[in-house]
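missing the sequence, but the structure's below:
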């Protein structure tokens, strides 16, 4: 709970009363490696904070699974397209390691916004960060060649590359694992 409170405080100040309310609104859950926090077709019912662990977002398409994003400890996870209107998700969120999370439901999030002194400001700042990240990803997917996408992966996720299987990184970059190996060899050759 301490890392959740510290993360929220990195956006807005929290009073003792705010911290007590947050401690009541968020609930701890544990997922084993490989388990899904969300499966496509289900409604995303929670905003999730990762205390420890690592997850990936992926979709199923005609060519199999396409990894879209990764989140690690200290970060929030949510399929907002499902969470906000409470409609079925197209996204899967899977634990890549044993993962401990805190969750807050849509109703409790509304109480957070209303009763935490700077709750609405926190929500706005957090969602702005999500929006920028999503737009950057989409733009990169359509405009960047795979070697640039891999460079951006290294830049955006410098501390988790060793924790993610290479085939998920290849899927994120949009290439086959063999192509990722060639990209990595070329990059090592340049340094």
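Arrived safely, thanks for sending. What you see is a predicted model, and the numbers here were worked out from it, not measured in a lab. Residues are numbered from 1 along each chain as shown.

rest of the way, CA atoms for contacts and neighbours
Fine.

For residue 142, grab the count of nearby residues.
8 (other C-alpha atoms under 10 Å).

quick one: the strands in the protein?
In the chain, the segments counted as strands under DSSP state E are 27-31, 36-38, 46-52, 54-61, 64-72, 76-77, 92-95, 99-105.

okay, those, which one's buried deepest?
Of all the strands of the chain, strand 92-95 carries the top mean neighbour count, a mean of 24, counting by mean count of other C-alpha atoms under 10 Å.

just checking, what packs against that one?
Packing contacts for strand 92-95, counted by 3 or more C-alpha pairs under 8 Å, 6 or more residues apart in numbering; DSSP states H and E, involve strand 36-38, strand 54-61.

could you redo the ones you listed as a markdown table and give each row distance to residue 101?
As requested, the helices and strands packed on strand 92-95 are arranged in a markdown table below (distance: least, C-alpha to C-alpha, whole Å):
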| stretch | distance to residue 101 |
| --- | --- |
| strand 36-38 | 10 |
| strand 54-61 | 10 |
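
Out of those strands, flag the one nearest residue 127.
Closest of the helices and strands packed on strand 92-95 to residue 127 is strand 54-61, at 17.3 Å (criterion: C-alpha to C-alpha).

Note down every partner strand of the closest one and its orientation.
Here strand 54-61 is paired, per DSSP bridges, with strand 64-72 (antiparallel), strand 92-95 (antiparallel).

ranking the helices and strands packed on strand 92-95 by mean pLDDT, which is last?
Across the helices and strands packed on strand 92-95, strand 54-61 has the smallest mean pLDDT, namely a mean of 94.

Please list the residues outside it that contact it.
For strand 54-61, the surrounding residues in contact (C-alpha atoms under 8 Å, 6 or more residues apart in numbering) are 40, 65-73, 90-99.

Stretch 181-190 now?
With contact meaning C-alpha under 8 Å, 6+ apart, stretch 181-190 is reached by 147, 150.

Swap in 7 Å and give it another go.
If you take C-alpha atoms under 7 Å, 6 or more residues apart in numbering as the criterion, stretch 181-190 is touched by residue 147.

Could you check that stretch and say which residues are buried?
Neighbour-count burial for stretch 181-190, counted by 16 or more other C-alpha atoms under 10 Å, picks out residue 183.

Distance from the chain centre to it, please.
Put simply, stretch 181-190 sits 28 Å off its chain's centre (C-alpha atoms, centre = their mean, to the nearest Å).

what's the answer for stretch 21-35, then?
Distance, centroid of stretch 21-35 to centroid of chain: 15 Å (C-alpha atoms, centre = their mean).

Could you do stretch 139-156 as well?
Here stretch 139-156 is found 17 Å from its chain centre; the criterion is C-alpha atoms, centre = their mean.

what's next to that stretch, contact-wise?
173, 174, 175, 183.

Identify those among those residues that sit within helices.
Residues of the contacts of stretch 139-156 located in helices (DSSP state H): 173, 183.

Just the buried ones among the contacts of stretch 139-156, please.
The neighbour-count criterion (16+ other C-alpha under 10 Å) marks 173, 174, 175, 183 among the contacts of stretch 139-156 as buried.
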